[in-house]
Structure formats: C-alpha cells, structure tokens
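Novice: Predicted model and sequence follow; I will ask about them next.
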Amino acid sequence: MSESTVDPRARGVLVALCVTVTVAYGVLYYSFTVLAPGISADTGWSRAAVTSVFSAGSLTGAFAGVLVGRVIQRRGPRVVMTAGSLLGALGAVLIAAAPNLAVFTLGWLVAGAAGAGTFYPPAFAALTQWYGDQRVRAITTLTLAAALSSTIFAPLVAFLDAEWGWRATYVVLGAIMLVVTAPAHALVLRLPWHPATVEHGTHERSRTDREVLTSRTFVLVAASGALTTLVMFASLVHLVPLLLDRGMSVQLAAWALGLSGAGQVVGRLLYAALARRLPTNPRAALVMVLLAAMVLALALVPGPVPLLVVIAVLAGAARGLFTLVGATVVSDHWGPERYAALNGVYNAPVGVAAALSPAFGAAVVTLTGSVAGLFVVLAGLGVVGAVLAAVAGNTPELR
C-alpha cells in the first residue's frame, strides 16, 4: 500500500488515536505516579502495598493483551478499544471509591485490563493494517503525540489532587476516559477490517500462528524485547536516585529526567531513517547496544553534571528508538496481516518485564549495595538482549 492508496479516513483514525492513547496513559498510568504518595498517606496502606497493587494491574494488562490481540485480529480494534475505554472509566471509579485495599486492588485489575485495550498495542495494530506501507510514519506520529501524556496529565492530576483529593481526582479522570476515549473509539474506528487469510498455495503463508509463535525467531525476538524493556524501565525508575548519588539536587535530577524524556522524542524522529538503512535484527541490536552503553555510562561516569545530563538524554533517545523497534518488529518479520494476534503475544512478556522492573531494580540495589551496581547489571542484560536480537534470524519460511 502506497501513501496514495491510504484510505483518507485513516488520517482521522490517526488523529483520534493520538488523543485517546494520550488520555489512556494519563488516566491509567501517569496519574498513579503523582497520586501514589497521597493515597498511601490518606489510607494508611503502605507505599509498598499500593505500588504492588499497581504492578498487579500492569501484569493483568500484559496477559489480557494476548486475548485482545486475537480479538482485534478477527474483528478489528473498534469493539476492543471502546470496551477498554469503558473498563478504564469503571476502574477509575472503583479506585476512587475503594473502602479497603481489596476493592482498590480490584479497581487496578480492571484498569490493567483496560490498558490492554487502550494503550499502544491495539492502536499499533489498527495503524499497521490501515496504513500499510506508511505504518512506520503513522506509528511514529502516534508515539510522538502520546509522549506528551505525562507532560499534560502530571500537572493536571497534581492540581486536581491539591484541590479535591485523590478520590475525586480519579472520578474526574474516569469521566474523561468515558467522555473522550469511548466515543472516539466507537465513532472513528469504523474502517473496513480484513482479517488475516492464509494463501494455501503459498508455503510462507501456510504456517499457522502457533508455528510462528514457537519458532526460534519469535522466541528470541520476544526474549530480547522483554530483556530490553526491563533495562529501559528499571533504569528510568532509578535514574533520579542515581543522579542524587552523583551529587545532583532533587530539582536538577528532575530536570535531567525531563530532558531524558525529550530525548525519546528525538529518538523517535530518527527511527524512520534508521529503518531505511538497516534490516530488522541489526537495527534492533544496534538500538539495544546503544541503550546498554548509555546505562553503563551512567553507572561509571561520576560527572560533571552537564556530561551526566547529556548521557541521560542519549539514554532517552535510545528508549525512544526502542519503542518503535517494539512497535514494528512483528510486522517487519511476519507482515502486517497477522500483526494484532502475534503482537499481543509478543507484548505479554514485554508487559510483564515493565510491571516487574521497579521491584527488580530495588532488589538488585539491595544485593549490590548501590544504584550504580544496578545500572551495571542492567547494562549487561541489555547486551544479552542485543545478542538475542542479532542471532534471532529471519526464518522467511514462517512469515
């Protein structure tokens, strides 16, 4: 599919998804990072318990993504993403009304399932089919827009919390989910959907999804993606503590974290050029090596402050590049036709790694005795991920 043959209505889909995915991440993810301390202080639930509940919700989303991918493969994204929006609103209300930790946990389990239907993977599936050969450009546009989610929602959530408290804040966030994302998904995601078909006379298309999922290439690609996701999120969560250990003030460390986020935007802008120049596996391996190198540099370089900030920005650029590696690796290997189902399985271990990364990082800090020790371990895991990506192979017979 060339740019000229992209359905003009797909541009409306892209605009809608830029809005809805941004809102979904703001309501179901970034709001918690702002409200967690206040929730713990108000309820008396320990910070560890509150964070564990949030992680449980993220794990639920990771596993639910497998089913979501299969449903989208057969029926398209409209019903799934609309249902995800409604679940997101319900989850926010349950969280707001929770009289005890059990109901609070239920709310986050519902919210986690909602994320499976409203975060990047289902949106990537929609854009992969409806944009064809232009999917990288569309997906890049979406990730650039959604990168503003924390910028928009962190101050909004902080303001609402200061004015009305965390419970009322989640009611407002649930209303936003209900009013903005649910109608957009129901009304805009109406383009024709063509489920994957098998061409029986073609050996490459005669393989089942199960054969693809158990192939050496898929297993290694998924493993490398999960390892790199663990490196990415654990290093991001512990970046500020590392910079504080290097002598930075809290304010300066926060600025470095913010600039690292800006680096993600730069990385995403560079991805299309990288994709044109390198095949899938070398491209993924290069990005993973870059991330590992920057993580190791943060562990070993004591200063000065400007150099640490530059390294943090480069690490952010590597994270931005990897977001698009993960978004396109399935379609690059096995084509866009079966993207939704295969990508749902690919994202399951990736989601698990993201959910467990804060706890993993804390455990390694305890074992090594320092945040720098954690970053050395993460750099090693990043190299392992790059090696797995490099040796994954292409196995065209399983495309």
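Specialist: Now that the structure is in, tell me what you want to look at.
Novice: all contacts plus neighbour counts: C-alpha atoms, from now on.
Specialist: OK.
Novice: show me what contacts the spatially most central residue of the chain?
Specialist: Ranked by distance to the mean C-alpha position of the chain (Cα atoms, centre = their mean), the top residue is residue 120 at 6.3 Å. Taking Cα atoms under 8 Å, 6 or more residues apart in numbering, we find residue 120 in contact with residue 21.
Novice: Residues contacting stretch 31-48, please?
Specialist: With contacts defined as Cα under 8 Å, 6+ apart, stretch 31-48 is touched by 50-51, 101, 153-154, 157-158, 161, 166.
Novice: Can you report how many residues lie near the residue nearest to residue 181 when sequence neighbours are not counted?
Specialist: Spatial nearest neighbour of residue 181, chain neighbours left out: residue 20 (5.0 Å); criterion: Cα to Cα, 6 or more residues apart in numbering. Using other Cα atoms under 10 Å, residue 20 has 25 neighbouring residues.
Novice: Over to residue 282?
Specialist: Neighbour count for residue 282, taken as other Cα under 10 Å: 16.
Novice: on that earlier part again, quick check, pLDDT for the residue nearest to the centre of the chain.
Specialist: If you check residue 120, the pLDDT there is 95.
Novice: quick one: it from residue 356, how far?
Specialist: Residue 120 sits 19 Å away from residue 356, taking Cα to Cα, to the nearest Å as the criterion.
Novice: swap in residue 298?
Specialist: With Cα to Cα as the criterion, residue 298 and residue 356 are 22 Å apart.
Novice: Low-confidence stretches in the chain?
Specialist: The chain contains residues with pLDDT under 70 at 1-5, 196-207, 394-399.
Novice: how does it divide up, domain by domain?
Specialist: Here the domain parsing of the chain from automatic domain parsing is 3-188, 209-398.
Novice: one step back: give me the more crowded residue out of residue 298 and residue 356.
Specialist: Per other Cα under 10 Å, whichever of residue 298 and residue 356 has more neighbours is residue 298, with 26 against 18.
Novice: what helix or strand is the more buried one on?
Specialist: Using DSSP states H and E, residue 298 maps to helix 280-300.
Novice: ok, the residue nearest to residue 181 touching residue 184?
Specialist: Yes. The criterion here is Cα atoms under 8 Å, and residue 20 meets it with residue 184 at 7.4 Å.
Novice: Identify each buried residue in the helix holding residue 298, please.
Specialist: For helix 280-300, a neighbour-count test (16 or more other Cα atoms under 10 Å) marks 280-299 as buried.
Novice: got a list of what residue 294 touches?
Specialist: 311-312, 314-315.
Novice: which one among those gets closest to residue 221?
Specialist: Ranked by distance to residue 221 (Cα to Cα), the contacts of residue 294 are led by residue 315 at 21.4 Å.
Novice: Measure how buried that closest one is and give me the count.
Specialist: Look at residue 315: counted by other Cα under 10 Å, it has 28 neighbours.
Novice: Just want the angle from the helix or strand hosting it to helix 280-300.
Specialist: Residue 315 belongs to helix 305-334 when assigned by DSSP H and E. Put simply, helix 305-334 runs at 160 degrees to helix 280-300, going by axes from the mean of the first three to the mean of the last three Cα atoms, to 10 degrees.
Novice: So which other helices or strands are in contact with helix 305-334?
Specialist: Applying 3 or more Cα pairs under 8 Å, 6 or more residues apart in numbering; DSSP states H and E, one finds that helix 305-334 contacts helix 120-131, helix 135-146, helix 250-277, helix 280-300, helix 339-368.
Novice: hmm, 6 Å instead?
Specialist: Counting contacts by 3 or more Cα pairs under 6 Å, 6 or more residues apart in numbering; DSSP states H and E, helix 305-334 packs against helix 250-277, helix 280-300.
Novice: Can I get these in JSON lines including distance to residue 94?
Specialist: As requested, the helices and strands packed on helix 305-334 are exported to JSON lines (distance: least, Cα to Cα, whole Å):
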{"stretch": "helix 250-277", "distance to residue 94": "31"}
{"stretch": "helix 280-300", "distance to residue 94": "38"}
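Novice: wait, which of those helices is closest to residue 97?
Specialist: For these, proximity to residue 97 was assessed by Cα to Cα; helix 250-277 is nearest, at 31.9 Å.
Novice: Many thanks, we can stop here.
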